[in-house]
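1. Quick one, fold the following:
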Amino acid sequence: MKVALNTDTSLAVFAVNGTDVVDGDTVDLEYGVTSVEVIVEPTDPDATFEVEGGADLVSGENTLTVTVTAADGETVEVYTVTLNVAFNSDTSLSVFQVNGADVVDGASVELPAYTTEVEVTAEPTDPDATVEIEGGTELVSGENTLTVTVTAADKETTETYTVTLVVALGNDVTLATFQVNGEDVEDGGSLDLPPLTTSVEVVVETTDPDATFVVEGNTDLKLGANTLTVTVTAADGSTTVTYTVTLNIPLNNDASLSTFQVNGVDVEDGATVDVEYGTTEVDVVATPTDANASVVVVGGTDLKTGENTIVVTVTAQDGETVVEYTVTVNVALNSDTSLATFTLNGEAVNDGDVFDLEYGVTEVEVIALPTDPDATVEIEGGADLVSGENTVTVTVTAADGVTVSEYVLTLNVAFNSDTSLASFQVNGEDVEDGAVIDLPAYTTEVEVTAEATDPDATVEINGAAELSVGENLLIVTVTAADGVSATDYVVTLNVPLGNDVTLATFQVNGEDVEDGGSLDLPPLTTSVEVTVETTDPD
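-> So this is what the prediction gives:
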């Protein structure tokens, strides 16, 4: 009979550094441990095992494996344990130097003035530790703190090393910036300033920001040379230097006016001031801005109508700067449109007067003289008069060219009273008032021509038509242009009786018949209707 080999892979003993462990356990070990003692005994003495990972340990996790092969040579089981070696907690420094010189925690290092940074060397004893350096740059005068923080490899343990860096106070008294009113200046230099300057703006920046300075002489400036000083004291408190600049204030060249008025109204150079007609002077006030300037006013009196010039001359304190201010005073031209003389045919007249003139007057003498000799007069009318209403207009334009007045006269020229006839004809023959004219029989109208001597007279003819046998009166009435005077011119027109026995109409029963003719009538006719009209109604 064949007995099968054992498949048992269990362990009777599994210990690390004398401590029993089981598959999956973690064993914490101190920093620096590089190997452990591993004891393994399988339950089946015929089983074999292999141990890996118990040596050459490093900080952190290390894996220990035990592989057990059963007696049958086929069944295998692996047992795993984690060996956790602690990290180093060492925060010591193997090297700590400032500018190449060894230092220790709490040390103080003296540095030259104006040192702004140092070279710091800090190396930890444990190469796995980390180092952070703060405070080695941007140094200022006085005490500066340098810190070196060491964090151990275990990431928990830290230690700070502190060194005081003492930068000596400087003795620099130079200036990085020196300006007066925005202009760069130098020690011993000078600056010309505008007249009337009483203060300046001084900008000073020391090269060493820890240095201090005092400015004097930048206010209450006077005419001529003024001394500006800037005294700089170094940061060390003992080193000083004074910078000097001469500020030159010239005599004032201000020729401006603080007040410029004409008759109390503010004006400017080149302005025009309008004043009333007849103004002969104006009040001019010209006050210089600088009380030391002088002012001369020319003009402002003896003004004439039209444009007048006022000149104000300002001479500045420096005696050289001269400015002229000019104002034009415009005295208005006269607006008078009155008449000193206004006559018609030598008699004084007034606006609106009405005059009656005899018939035939065609012209009158109008004299119109303005009160102001500079005014202009235009006369319309006064000539070529006609019967009836005529207008004379006198237009006066004042010297100002704007104001206009009209003076109007009405001239009534009487109309003509003439009622005579220049021509009086009947059928082309001249006749006179009272004439008797024999006309042919059957005359029913005549041609009458009657022209008045005055073309403005009117002629009315009555009785020239529808004449009848016997006497007919022809009346020509002439009414004069005056509308009042009238004359009748009478002519008697005699029309004799006629000898005409002809018939104008001859009808029987409505039918025209003639002398010697015949007319057929219907049977049994016993009477007819006869219509007869003679040519001569008489």
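2. thinking S92 is in contact with E123, fair?
-> No: assessed by C-beta atoms under 8 Å, S92 is found out of contact with E123, at 10.3 Å. Where you see a C-beta, it was placed from the backbone N, CA and C, and this is true even at glycine.
3. so who does the closest residue to T343 other than its chain neighbours touch?
-> Using C-beta to C-beta, 6 or more residues apart in numbering and skipping the chain neighbours, the partner closest in space to T343 is I367 (4.7 Å). Applying C-beta atoms under 8 Å, 6 or more residues apart in numbering, we find I367 in contact with T341, F342, T343.
4. Rebuild these as JSON lines, extending it with secondary structure and pLDDT.
-> Output for the contacts of I367, formatted as JSON lines (DSSP: H, G, I helix; E, B strand; the rest coil; pLDDT from 0 to 100):
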{"residue": "T341", "secondary structure": "strand", "pLDDT": "96"}
{"residue": "F342", "secondary structure": "strand", "pLDDT": "96"}
{"residue": "T343", "secondary structure": "strand", "pLDDT": "96"}
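5. Generate CSV for the residues you listed, with neighbour count and distance to T82 as supplementary columns.
-> Formatted as CSV, the contacts of I367 follow (neighbours: other C-beta atoms under 10 Å; distance: C-beta to C-beta, whole Å):
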residue, neighbour count, distance to T82
T341, 10, 144
F342, 22, 142
T343, 14, 148
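6. Include distance to G319 when you put these into TSV, please.
-> Shown next, in TSV, are the contacts of I367 (distance: C-beta to C-beta, whole Å):
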residue	distance to G319
T341	61
F342	63
T343	67
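7. and of the residues you listed, the nearest to E358?
-> Set against E358, the nearest of the contacts of I367 by C-beta to C-beta is T343 (18.8 Å).
8. Quick check: the gap between that closest one and E447.
-> Per C-beta to C-beta, to the nearest Å, T343 is found 54 Å from E447.
9. cool, D90 as well?
-> Counting by C-beta to C-beta, the separation of D90 from E447 is 167 Å.
10. Could you do V426 as well?
-> Note on V426: its distance to E447, by C-beta to C-beta, is 7 Å.
11. For the protein, give me the ranges with low pLDDT.
-> Residues of the chain meeting the criterion pLDDT under 70: 1-3, 498-504, 506, 532, 534-538.
12. Just list what the helix or strand hosting Y489 packs against, helices and strands only.
-> Assigned by DSSP states H and E, Y489 belongs to strand 486-495. Identification of packing neighbours for strand 486-495 by 3 or more C-beta pairs under 8 Å, 6 or more residues apart in numbering; DSSP states H and E yields strand 421-426, strand 436-438, strand 470-479.
13. So what's the gap between the second one and the chain middle?
-> Shown here is strand 436-438, whose average C-alpha point lies 100 Å from the average C-alpha point of the whole chain (C-alpha atoms, centre = their mean, to the nearest Å).
14. With stretch 104-113 instead?
-> With C-alpha atoms, centre = their mean as the basis, the mean position of stretch 104-113 lies at 70 Å from the chain mean.
15. and P455, how many residues sit next to it?
-> Neighbour count for P455, taken as other C-beta atoms under 10 Å: 9.
16. SS state for it?
-> coil (DSSP: H, G, I helix; E, B strand; the rest coil).
17. Quick one: residues contacting it.
-> Contacts of P455 (C-beta under 8 Å, 6+ apart): none.
18. ok, it to V386 distance?
-> According to C-beta to C-beta, P455 and V386 sit 12 Å apart.
19. Overlap in contacts, those two.
-> If you check P455 and V386 against C-beta under 8 Å, 6+ apart, no residue is contacted by both.
20. Looking at D90 and E447, which has the bigger crowd around it?
-> The neighbour count for D90 versus E447, taken as other C-beta under 10 Å, is higher for D90 (19 against 10).
21. and the more buried one, helix, strand or coil?
-> Here D90 is coil, with the state taken from three-state DSSP.
22. all strands of the stretch 351-500 of the chain, in order?
-> In order along the chain, the stretch 351-500 of the chain carries the following strands (DSSP state E, counting those that start in this stretch): 354-357, 366-370, 376-380, 388-397, 404-413, 421-426, 429-430, 436-438, 448-452, 458-462, 470-479, 486-495.
23. got those strands as TSV, with distance to D336 columns?
-> Below are those laid out as TSV (distance: least, C-beta to C-beta, whole Å):
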stretch	distance to D336
strand 354-357	26
strand 366-370	7
strand 376-380	12
strand 388-397	9
strand 404-413	9
strand 421-426	54
strand 429-430	65
strand 436-438	72
strand 448-452	51
strand 458-462	50
strand 470-479	50
strand 486-495	52
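24. out of those, which comes closest to V33?
-> That would be strand 404-413 among the strands of the stretch 351-500 of the chain, by C-beta to C-beta, at 131.4 Å.
25. Give the other helices and strands that that closest one contacts.
-> Secondary-structure packing of strand 404-413 (3+ C-beta pairs under 8 Å, 6+ apart): strand 339-344, strand 354-357, strand 388-397.
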